[in-house]
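> fold the following and give me the result.
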Amino acid sequence: MRPIRLRDFIEDRGGCLYAVSAYDNNERVGCILRYVPDPEGERRDPAGRRYRKYDFSEAFAWIREHKPDYLDAVHRVPREDVVRVYKPEEEIGNVAARDPRVARLLSHFDLPAGSFGCTGSLLCGLENAASDIDLVVYGDAWFTAQRQLRRLVETGVIPPMSTAMWRKVYEKRAPEIPFDAFVLHEQRKWNRGEFEGTYFDLLYTRSYADLDALPTGAGKVIGRATIEATVTDASLSFDSPAVYAVDQDEISRVLSFTHTYAGQALAGEVIEARGVVEEHDDELWLIVGTTREARGEYIISKTLLENAGY
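Residues are numbered from 1 along each chain as shown. Sure thing, here's the model as predicted:
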């Protein structure tokens, strides 16, 4: 079996479904609980099994009560407890056949077979009419999809996101930056859109050949800091965590564990970032998104804001 990777889903022996949130999954899969079997649950899969969807805080509370041995910075499920792996690239045919919205959206993209799929509720067959479409694209194919989305919007095949949808995204993310600055950063990312009234994401995940691109695990916390730095490498800025190599006196990398600040700056741009400083071997990294809400933490491109007259 191919390695378990970010944005796969797994099922444990009790039928609980988890979103994989890490790449280091050899012994214990790093993930977040999303769906728990429940006869009264509001979600039902194609086989008729009912589930309850758990948000972030509810998931940690449930794991703390029922599976305390899984509790970590994320949930860590032992490989021997995994009974099924849902892989977006393998299930995309079933998803598109079941959901005409997905099929119509995918018809506008031209991507290599096996390089894309759907994650989230659609991957597990637990979507409802209000579900977003979480497209995941792997490795270099993601950048192809990004370019294609831009062209599709600019040529009118896919409409631009409405102000109402931007406001909805902003309120959901609740970032530490003003709405106008948020939209300015987001509009050049081309990693989200609106199709037939449905919100969709283009989510990046590394190819199987590149799963060990960055060391994982928390470092020693040094303190909090706000820095200004020049980005020297943003090639993994859409990954999870998003990674920015920077030129700065003390900090060598800025990492974001919240999707809000993925793709936030380009190489060569000056950023301002606030977060927690961690020591990793002989390097110091600034970590943004140390809590679910990332309160008091952010990344902005000062270059982008200044060029726009802010």
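> so where's the stretch 201-310 of the chain uncertain?
Residues of the stretch 201-310 of the chain that meet the criterion pLDDT under 70 lie in 213-216.
> which residues of it fall in helices?
Here the stretch 201-310 of the chain has its helices, by DSSP state H, counting those that start in this stretch, at 302-307.
> and stretch 278-298, what's buried?
278, 280, 284-290, 294, 297-298 (16 or more other C-beta atoms under 10 Å). Any C-beta I mention is one placed from the backbone N, CA and C, and that applies to glycine too.
> so of the residues you listed, which ones are in strands?
Among the buried residues of stretch 278-298, DSSP state E puts 278, 280, 284-288, 298 in strands.
> ok, which pair from the residues you listed is furthest apart?
His280 and Tyr298 (21.2 Å; C-beta to C-beta).
> let me have the buried residues of stretch 278-298 in JSON lines, extended by distance to Tyr54.
Converted to JSON lines, these look like this (distance: C-beta to C-beta, whole Å):
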{"residue": "Glu278", "distance to Tyr54": "28"}
{"residue": "His280", "distance to Tyr54": "31"}
{"residue": "Leu284", "distance to Tyr54": "35"}
{"residue": "Trp285", "distance to Tyr54": "30"}
{"residue": "Leu286", "distance to Tyr54": "30"}
{"residue": "Ile287", "distance to Tyr54": "25"}
{"residue": "Val288", "distance to Tyr54": "25"}
{"residue": "Gly289", "distance to Tyr54": "20"}
{"residue": "Thr290", "distance to Tyr54": "21"}
{"residue": "Ala294", "distance to Tyr54": "20"}
{"residue": "Glu297", "distance to Tyr54": "24"}
{"residue": "Tyr298", "distance to Tyr54": "27"}
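> pick out whichever of these sits closest to Val29.
Among those, and counting by C-beta to C-beta, the member closest to Val29 is Gly289, at 20.5 Å.
> part of a strand, is Val85?
Yes - the assignment for Val85 is a strand, going by DSSP: H, G, I helix; E, B strand; the rest coil.
> domain parsing for this protein?
What automatic domain parsing lists as the domains of the chain is 9-86, 89-208, 216-307.
> how about JSON lines for those, with distance to Met1 added?
As requested, these are exported to JSON lines (distance: least, C-beta to C-beta, whole Å):
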{"stretch": "domain 9-86", "distance to Met1": "7"}
{"stretch": "domain 89-208", "distance to Met1": "11"}
{"stretch": "domain 216-307", "distance to Met1": "21"}
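> what is the most widely separated pair among the buried residues of stretch 278-298?
Spanning the widest gap among the buried residues of stretch 278-298 are His280 and Tyr298, at 21.2 Å by C-beta to C-beta.
> list the contacts for Arg7?
19-20, 88, 119, 134, 136, 203, 205 (C-beta atoms under 8 Å, 6 or more residues apart in numbering).
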